[in-house]
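Engineer: prediction below, plus the sequence it came from.
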Amino acid sequence: MPIAIPDGGQVPITSSELTAYDSALLRGRGAGDRSAQEEALVSAVDDKLAVISSGWTDSGGPGGFQAAVASEVLERAASLQGNIAASVRQWARPGRERALMEMFGSLLEELTERDRLLLELRERVNAANID
C-alpha cells in the first residue's frame with residue numbers, strides 16, 4: 001500500500017493502516033468496543049506518528065507547531081482515507097479496487113503534507129494572537 005504519512009523510509013504510516021485506524025478509532029467506536037487487534041493497531045499507528053512528527057521541521061522556523069498538531073493531521077488523513085476506501089469499495093469495478101486505492105494513496109500523501117502546513121500556519125497565527 002502507498003505511504004500516506006512518510007518518514008524518510010523508517011516507519012511510514014501506510015494508507016491501509018489509515019483505513020484500519022479510521023475504522024477502529026474514528027467511526028464512533030469507543031475503546032471498550034474495539035478488539036485487542038484493533039487496539040494494537042491504534043497504538044502502533046499512534047506510536048509511529050510520535051516518531052514521525054518528532055522529525056517534522058516547521059516551515060517558518062522553530063516552534064514545533066507541526067508536531068503539536070500531529071494527532072489532528074493523523075485524524076484528518078485517516079478520515080479522508082476511510083471515506084476514500086468506502087467509495088472505492090462501493091463504486092470500483094471488481095479487480096480495480098487495489099489500483100484505485102494506490103492511486104488515491106498518492107493523493108492522500110500530498111493532502112496530508114498540505115494539512116501539516118495549513119495547521120502549522122493556524123498554530124502560528126494563534127500563537128501570535130493575530131485577529
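Structural biologist: Great, that's in hand.
Engineer: distance of the closest residue to residue 111 other than its chain neighbours relative to residue 42?
Structural biologist: Of all residues not flanking residue 111 in the chain, residue 80 sits nearest, at 6.6 Å (Cβ to Cβ, 6 or more residues apart in numbering). The C-beta positions use only the backbone N, C-alpha and C, and glycine is treated the same way. Separation of residue 80 from residue 42 (Cβ to Cβ, to the nearest Å): 17 Å.
Engineer: would you map the helices across this protein?
Structural biologist: Per DSSP state H, the chain carries helices over the ranges 15-21, 36-54, 65-68, 70-91, 97-128.
Engineer: turn the ones you listed into JSON lines, including mean pLDDT.
Structural biologist: JSON lines is the format used below for those (pLDDT from 0 to 100):
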{"stretch": "helix 15-21", "mean pLDDT": "87"}
{"stretch": "helix 36-54", "mean pLDDT": "88"}
{"stretch": "helix 65-68", "mean pLDDT": "88"}
{"stretch": "helix 70-91", "mean pLDDT": "91"}
{"stretch": "helix 97-128", "mean pLDDT": "89"}
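Engineer: if we can go back for a sec, isn't the residue nearest to residue 111 right up against residue 108?
Structural biologist: Yes - taking contacts as Cβ atoms under 8 Å, residue 80 lies within contact range of residue 108: 6.3 Å.
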